[in-house]
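Peer 1: generate a structure from the sequence data that follows.
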Amino acid sequence: MDDRYEYLILMAACLLVTAPLEVVLRARVYRRPRRLLLALAPTLAIFLVWDWVGIVRGHWSYSDRFTTGVLLPFGIPLEEFVFFVVVPICGLLTYEAVGTVLALARRRSSRTSADEHA
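Peer 2: Below is the predicted model of the structure:
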């Protein structure tokens, strides 16, 4: 495997692992694209500026071996942009799925309590 694509493959794997949460636990992250974009926008804005400043000031750089060489405006590697999109999406999917599981557990618990008191 070409090392240049490992990071993008890892990001794709993160999306694949969390994608079932949308369907199985009804996370409803992808079904509300406007809300998703509104959630991603501040993250992208803050961290892309942060990265740009870090690159310009020489605080960090990116390995040519592990990046595709595709640079976005301000010299930000494609992989870095993808990271700032994928990680929040996976986090949102997980957060919404946990909320669904907890709501189901509360309903089940309240039904059990009601049955015991009846």
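Peer 1: tell me which residues in the least confident helix or strand in the chain by mean pLDDT are buried?
Peer 2: Across the helices and strands of the chain, the lowest-confidence element by mean pLDDT, DSSP states H and E is helix 78-117, at a mean of 90. Using 16 or more other C-beta atoms under 10 Å as the burial criterion, the residues of helix 78-117 that qualify are 79-84, 86, 88-90, 92-94, 96-97, 100. Using the backbone N, CA and C atoms, a C-beta is placed for each residue, glycine as well.
Peer 1: show the backbone phi and psi for the closest residue to residue 100 other than its chain neighbours.
Peer 2: Here the nearest residue to residue 100 in space, its sequence neighbours aside, is residue 25; by C-beta to C-beta, 6 or more residues apart in numbering that works out to 4.7 Å. Geometry field for residue 25 lists phi and psi as phi -110, psi 10, criterion degrees, to the nearest 10.
Peer 1: residues contacting residue 25?
Peer 2: 96, 97, 100, 101 (C-beta atoms under 8 Å, 6 or more residues apart in numbering).
Peer 1: ok, it to residue 31 distance?
Peer 2: The spacing between residue 25 and residue 31, counted by C-beta to C-beta, to the nearest Å, is 13 Å.
Peer 1: got it, and residue 37?
Peer 2: 13 Å.
Peer 1: what sits in contact with each of those two?
Peer 2: When contacts are counted by C-beta under 8 Å, 6+ apart, residue 37 and residue 31 are jointly contacted by no residue.
Peer 1: what is the burial count for residue 52?
Peer 2: Burial of residue 52, expressed as a neighbour count using other C-beta atoms under 10 Å, amounts to 16.
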